[in-house]
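**Student:** can't give you the sequence, but here's the structure:
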C-alpha cells in the first residue's frame, strides 16, 4: 500500500517491521529484507530512509552479537544523518557507538565517541542531554580506570540533574559515584551515596534500581568485614529483584548472599569452641543459594554467570573443608572463565583451586599453580588486588611447608587459612562491575536522546 501510494518513508517503516518479524525465525532473511530496502533508498537517493534502514540492520546484527557489523551499520547511518543535519538522531547514533565499542572491549574508541556525544549536546544547549552525556563519559572513564576524571564527570552530571529536577538521572549519577567510591576504597562515602540512590528510587517505585543500590551497599559492608549487615541488605535486594523478575540480578544476589554467609559463618567459627558444628550451617546458608544461582544461570544460558556460580560453589566447599569438591567445582568454572575471556575471574578461581589443593595436602601442586600460573596472569592484566592475595597465600603455604599439612578437620587454623581468602577472592570483587556499568550505558542512552527506538545491546 505504501509503495502504491508513493510513500517511501511508510514503505521503509513497513520493511523494518517485516524484518523484525522475520528475525524471530530467520535472521538471514531479515537482513536480506533490510539490504533490499537500503538498495532501493540508494537508487532513489533518499538519505533519510537509508539511514533509518542502516539502524534497522544494526539492531539485527546486535541480536546476533555481531558487534563489528552492527558498528559498521551505525557508522553508515551516522554519515548520512550528519549530512542531513539531524542532531537528535546524530546523538542517538553516537550513544549506540559508545555501547558497541564497550561491547567489543574498545575503551579508547568508546571514550572518543562519548566525548563527541558530550560536545554535541553542549553545542545544542540542551542541559538535559548534556547531563546524560556527561554521565556516560564518566562511566567510560571509570571502565578505563581514570577514577578522578570519572568522579568529576559524575559529579558534574549530578549537578545538572539536580538543577533540572531529573530524579532518575540524579539516582544514576549517585550510582556511579558510589561505585567509584567503592573502587577507591572509601566505603563510608560509597555507603552514603548508595543510600541516597536507594532513597530516590524507592520514592520513584523503581525496584530494579533499589536492588542495585542495596546490592552495592551489601558488597561494601562485606568488604568492610560486616557480613551480617551484608546478608541483610542482600536479602532485601534479592526480594526486590524477584519482585521485578530480573533473573540475572537474582543470580548475582544469590551469589552475594552465599558469599556473605561464608564470611559470616567462617567468622563465627573462628571464635567458636566447636568450629565443626558451626561450619555445618554452610550447606543450608551458603551452598544452597550458590547451587540455586548455578541452576538459574544455566537456564539463562549465561556462561559468565555460570562460571561465577561454580566458583561460589567451590568457595563454600572450601570453607566447609571439602577439598576434592572444591577442586571439582573450580575446574568446571575454569573452562567457562576461559571461554568468556574473564581473566580476573581466572585469577580468583586459580587461587580457590590452589587453596583446595593445599587442603588436600598437595602443597607442591598448590604453590606451583600460584607461582607459575596465577601470579603471572594477575601481573599481566594489572590485577593488583588478585596479585596481592596470591602472594599472601603463597607466603602462608611456604610458612607451613616445613610443618605438618593442615588436616581435613574444622580447626580454627584451617578455617582461617583456607576459607577466609576464598571469600576475598570472589570474581565479582575486582574493580568496577563492567556488566553493571554497561547496563547503565544502555539505560542512560535512551534518556540521553529521549527515544524509545534507542538501539539496545540485549
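**Tutor:** Okay, I see it. Here the structure is a predicted model, which means the values were calculated and not measured. Residues are numbered from 1 along each chain as shown.
**Student:** what's the nearest residue to residue 357 if we skip its chain neighbours?
**Tutor:** In this structure, residue 357 finds its nearest non-sequential neighbour in residue 366, 4.0 Å apart by CB to CB, 6 or more residues apart in numbering. In this view, the C-beta of every residue, glycine as well, is placed from N, C-alpha and C.
**Student:** enumerate every residue touching that neighbour.
**Tutor:** When contacts are counted by CB atoms under 8 Å, 6 or more residues apart in numbering, residue 366 touches 354, 355, 357, 358, 397.
**Student:** contacting residues for the closest residue to residue 51 other than its chain neighbours?
**Tutor:** Distances taken as CB to CB, 6+ apart put residue 80 closest to residue 51, at 4.0 Å, once the chain neighbours are dropped. Residue 80 makes contact with 47, 48, 50, 51, 54, according to CB under 8 Å, 6+ apart.
**Student:** kindly list the main-chain dihedrals of the closest residue to residue 244 other than its chain neighbours?
**Tutor:** Distance criterion CB to CB, 6+ apart; nearest residue to residue 244, sequence neighbours excluded, is residue 207 at 4.3 Å. Summarising the backbone geometry of residue 207 under the convention degrees, to the nearest 10, its torsions are phi -70, psi -40.
**Student:** surely residue 207 and residue 243 touch.
**Tutor:** Yes. With contacts defined as CB atoms under 8 Å, residue 207 counts as touching residue 243 at a distance of 5.5 Å.
**Student:** the more surrounded of those two?
**Tutor:** For residue 207 against residue 243, the residue with the higher neighbour count under other CB atoms under 10 Å is residue 207, and the figures read 19 against 12.
**Student:** residues contacting the more buried one?
**Tutor:** Residue 207 makes contacts with 240, 241, 243, 244, as judged by CB under 8 Å, 6+ apart.
**Student:** and with 6 Å instead?
**Tutor:** 240, 243, 244 (CB atoms under 6 Å, 6 or more residues apart in numbering).
**Student:** please, which helix or strand holds residue 356?
**Tutor:** Element membership for residue 356, per DSSP states H and E: helix 343-359.
**Student:** ok now that helix, how far from the chain's centre?
**Tutor:** Centroid displacement of helix 343-359 relative to its chain, using CA atoms, centre = their mean, to the nearest Å, is 21 Å.
**Student:** low-confidence ranges, the protein, go.
**Tutor:** Across the chain, the stretches falling below the confidence threshold (pLDDT under 70) are 1-9, 16, 19-21, 23-24, 401-458.
**Student:** picking that back up, just the buried ones from the contacts of residue 80, in PyMOL syntax?
**Tutor:** Provided next is the PyMOL selection string for whichever of these are buried by 16 or more other CB atoms under 10 Å:
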select buried, resi 47+50+51+54
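**Student:** let me know the closest of the contacts of residue 80 to residue 31.
**Tutor:** For residue 31, the closest of these turns out to be residue 54, at 11.9 Å, with distances computed as CB to CB.
**Student:** backbone phi and psi for that closest one, please?
**Tutor:** The phi and psi values for residue 54, taken as degrees, to the nearest 10, are phi -60, psi -40.
**Student:** who are the contact partners of it?
**Tutor:** In this structure, residue 54 makes contact with 73, 76, 77, judged by CB under 6 Å, 6+ apart.
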